[in-house]
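>>> here is a sequence with its predicted model. Questions after.
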Amino acid sequence: MSAITQLFRFQDLEIWRRSADLAFTLGGIADRVEQQHRYRFAEQLRSAALSMSNNIAEGSGSATNNEFRKFLSYARRSAFECANMLLAFERQSLVAPHEIQPVLAELHDICRMITGFSRSLG
């Protein structure tokens with residue numbers, strides 16, 4: 001993490017940090033897909049990737065735990081969207097299976113963490 005003072009609740013959340021880090025990885029994949037002239041696919045992956053950490057951050061500002069859980073659900077759904085897109089890219093030979101496997105594993109871990117954290121909110 002950078003030397004910036006942590007001012008927001010979400011900055012302390014591992015699920016936010018990991019999803020924000022993964023967004024950079026997914027952005028790199030999107031860049032390569034874009035080079036293959038699949039601009040819409042690339043933009044959709046970038047959007048879904050950023051949506052994970054955005055929804056965690058936005059939800060952390062909720063007034064109630066129920067509202068926060070709703071945003072966590074959105075973040076989890078965005079992770080599933082990213083996984084689906086990666087698998088579609090693989091099927092279209094836009095990315096290699098060995099390239100996406102660790103990313104899929106990280107998405108799976110983040111989904112499990114989001115589910116666990118959501119349950120901990122009551």
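In hand now; what should we look at? The model shown is predicted, which means the values in this text are computed figures rather than measured ones.
>>> which strands or helices does the helix or strand that residue 70 is a member of pack on?
Assessed by DSSP states H and E, residue 70 sits inside helix 65-91. Counting contacts by 3 or more CB pairs under 8 Å, 6 or more residues apart in numbering; DSSP states H and E, helix 65-91 is packed against helix 14-35, helix 39-60, helix 97-120. Any C-beta I mention is one placed from the backbone N, CA and C, and that applies to glycine too.
>>> tell me which of the ones you listed is the most buried.
helix 39-60 (a mean of 20; mean count of other CB atoms under 10 Å).
>>> roughly how far is that helix from the heart of the chain?
The chain centroid and the centroid of helix 39-60 are separated by 6 Å under CA atoms, centre = their mean, to the nearest Å.
>>> show me what that helix is packed up against.
So helix 39-60, by 3+ CB pairs under 8 Å, 6+ apart, packs with helix 14-35, helix 65-91.
>>> buried residues in the last one?
If you call a residue buried by 16 or more other CB atoms under 10 Å, then helix 65-91 has these buried ones: 68-69, 71-72, 74-79, 81-83, 85-86, 89-90.
>>> what's the angle from it to helix 97-120?
Per axes from the mean of the first three to the mean of the last three CA atoms, to 10 degrees, the angle that helix 65-91 makes with helix 97-120 is 170 degrees.
>>> contacts for stretch 83-103, please.
22, 25-26, 29, 32-33, 36, 38, 41, 44-45, 48, 104, 107-108 (CB atoms under 8 Å, 6 or more residues apart in numbering).
>>> swap that for stretch 13-21, sorry
Contact with stretch 13-21 is made by 1, 10-11, 52-53, 56-57, 60, 75, 79, 106, 109-110, 113-114, 117, as judged by CB under 8 Å, 6+ apart.
>>> which of the residues you listed has the weakest pLDDT?
On pLDDT alone, residue 1 ranks lowest of the contacts of stretch 13-21, at 49.
>>> any stretches of the protein with poor pLDDT?
Where the chain drops to pLDDT under 70, the residues are 1-4.
>>> let's see that with 80 instead.
1-6 (pLDDT under 80).
>>> distance of residue 61 relative to residue 73?
16 Å (CB to CB, to the nearest Å).
>>> many thanks, we can stop here.
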